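[1] I need the structure of the sequence given here:
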Amino acid sequence: MTPRTAIVIKWGDAFRADEVNRLAAALRRNVTGSLRFLCLTDCAAGLGPGVESIPLVPEPFHDSMLRAQSQSRKRNGALRKISLFRPGLVPDLQGPLLALDLDVLVTGPMDALWDHAPGQIVMAPPFSKRRAVPHWGEGSVIRFDPVRHGFLYDVIARDPEAAVAFCRGSEQSYTSGLAHAKGQLAHFPKEWVLSFKRDCRPMRPFNLWVPPSLPPGARVVCFHGRPKLDEALAGYRGSFLRRTRPAAWIADHIAPPPDPHAGPDRVGAGKDGITKLPEMQVPE
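    Next up, the predicted model:
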């Protein structure tokens with residue numbers, strides 16, 4: 001049976017290695033059969049057994065893309081995620097990739113996210129229609145096939161300035177907008193991928209005394225903005241009307257990271273339990 005393949009991207013210090021390990025363990029608990037978990041990163045230190053690291057190198061259009069983004073409406077958009085779409089990123093890939101942000105919580109069976117709408121680029125429907133930068137899908141969870149959907153990389157590589165202008169600096173606007181324009185965008189059922197702020201936290205002012213709840217059927221909960229996942233678990237004290245009571249159910253879905261002293265679970269893993277794929281040669 002072909003393993004399911006998931007990938008995350010980690011650069012800088014916004015997320016820790018143990019958060020990658022935690023997500024990998026949680027995802028593995030919710031997938032039947034084998035799971036291959038990849039991390040595209042500029043620092044593989046601390047990644048645990050069963051996490052394959054891929055070196056994150058600057059794309060040839062990196063500087064042009066950042067210059068264009070500095071003049072766009074969304075200047076802090078995560079456009080480095082475009083590297084996930086690089087042709088040949090995973091040389092021995094079989095089947096589609098499921099790309100997840102690191103600020104998500106896996107809460108239910110995940111197999112269907114690989115199988116839904118075959119051949120399409122699949123994203124969650126927008127959490128809100130009131131957005132400064134319009135988009136057609138959320139970038140927290142994306143199912144795509146690098147062989148079928150090479151245009152996600154090729155378009156921005158060919159003309160970074162035009163691509164950034166098209167998406168106004170937003171990665172999810174770029175991905176969903178381009179997929180929509182190509183007629184290759186599909187959505188996960190709304191109840192599968194949820195926003196903690198919009199779908200789990202009670203409406204104001206009830207959030208002041210009613211704890212957040214997990215809606216039935218949820219498979220992934222996204223913690224975009226504040227509170228972050230750990231803040232939501234403990235209870236978040238932001239501005240008065242944005243406070244959140246502790247969401248104790250989060251603890252039920254956080255899988256403990258793998259034992260760093262356990263042996264590697266993939267052939268070819270190094271002595272530290274991390275399988276390193278060969279460094280990619282960036283196309284010129």
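[2] so how many other residues sit close to residue 94?
    10 (other Cβ atoms under 10 Å). Every residue, glycine included, has its C-beta placed from N, CA and C.
[3] SS state for it?
    Per DSSP: H, G, I helix; E, B strand; the rest coil, the secondary structure class of residue 94 is coil.
[4] distance of it from residue 170?
    31 Å (Cβ to Cβ, to the nearest Å).
[5] any low-confidence regions in the stretch 51-200 of the chain?
    Residues of the stretch 51-200 of the chain that meet the criterion pLDDT under 70 lie in 73-77, 129-134.
[6] now do the helices in it.
    Along the stretch 51-200 of the chain, counting by DSSP state H, counting those that start in this stretch, helices occupy 62-70, 111-115, 151-158, 160-167, 171-181.
[7] this protein: strands as residue ranges?
    Secondary structure of the chain, counting by DSSP state E: strands at 4-10, 35-41, 51-55, 97-100, 104-106, 121-124, 138-144, 185-187, 193-195, 220-222, 275-276.
[8] need these in JSON lines with mean neighbour count and distance to residue 164, can you?
    Output for those, formatted as JSON lines (neighbours: other Cβ atoms under 10 Å; distance: least, Cβ to Cβ, whole Å):
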{"stretch": "strand 4-10", "mean neighbour count": "23", "distance to residue 164": "18"}
{"stretch": "strand 35-41", "mean neighbour count": "23", "distance to residue 164": "21"}
{"stretch": "strand 51-55", "mean neighbour count": "22", "distance to residue 164": "24"}
{"stretch": "strand 97-100", "mean neighbour count": "23", "distance to residue 164": "20"}
{"stretch": "strand 104-106", "mean neighbour count": "24", "distance to residue 164": "25"}
{"stretch": "strand 121-124", "mean neighbour count": "25", "distance to residue 164": "19"}
{"stretch": "strand 138-144", "mean neighbour count": "24", "distance to residue 164": "15"}
{"stretch": "strand 185-187", "mean neighbour count": "18", "distance to residue 164": "20"}
{"stretch": "strand 193-195", "mean neighbour count": "23", "distance to residue 164": "25"}
{"stretch": "strand 220-222", "mean neighbour count": "25", "distance to residue 164": "24"}
{"stretch": "strand 275-276", "mean neighbour count": "18", "distance to residue 164": "32"}
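[9] looking at those, which is closest to residue 229?
    With Cβ to Cβ, the closest approach to residue 229 among the strands of the chain belongs to strand 104-106: 5.9 Å.
[10] what residues sit buried inside stretch 141-155?
    Of the residues in stretch 141-155, 141, 142, 143, 144, 145, 146, 149, 151, 152, 153, 155 count as buried by neighbour count, 16 or more other Cβ atoms under 10 Å.
[11] hang on, residue 44 packs against residue 56?
    No. With contact defined as Cβ atoms under 8 Å, residue 44 does not reach residue 56; the gap is 9.6 Å.
[12] which one of the buried residues of stretch 141-155 is nearest to residue 78?
    The closest of those to residue 78 turns out to be residue 142 (Cβ to Cβ; 12.0 Å).
[13] quick check: bridge partners of the closest one?
    residue 99, residue 123 (DSSP bridges).
[14] that one and residue 30: what is the separation?
    18 Å.
[15] residue 49 now?
    18 Å.
[16] among the two, which residue is more densely surrounded?
    Set side by side, residue 49 and residue 30 show more neighbours around residue 49, with 22 against 18, by other Cβ under 10 Å.
[17] got the phi and psi for that one?
    Main-chain torsions, residue 49, degrees, to the nearest 10: phi -60, psi 140.
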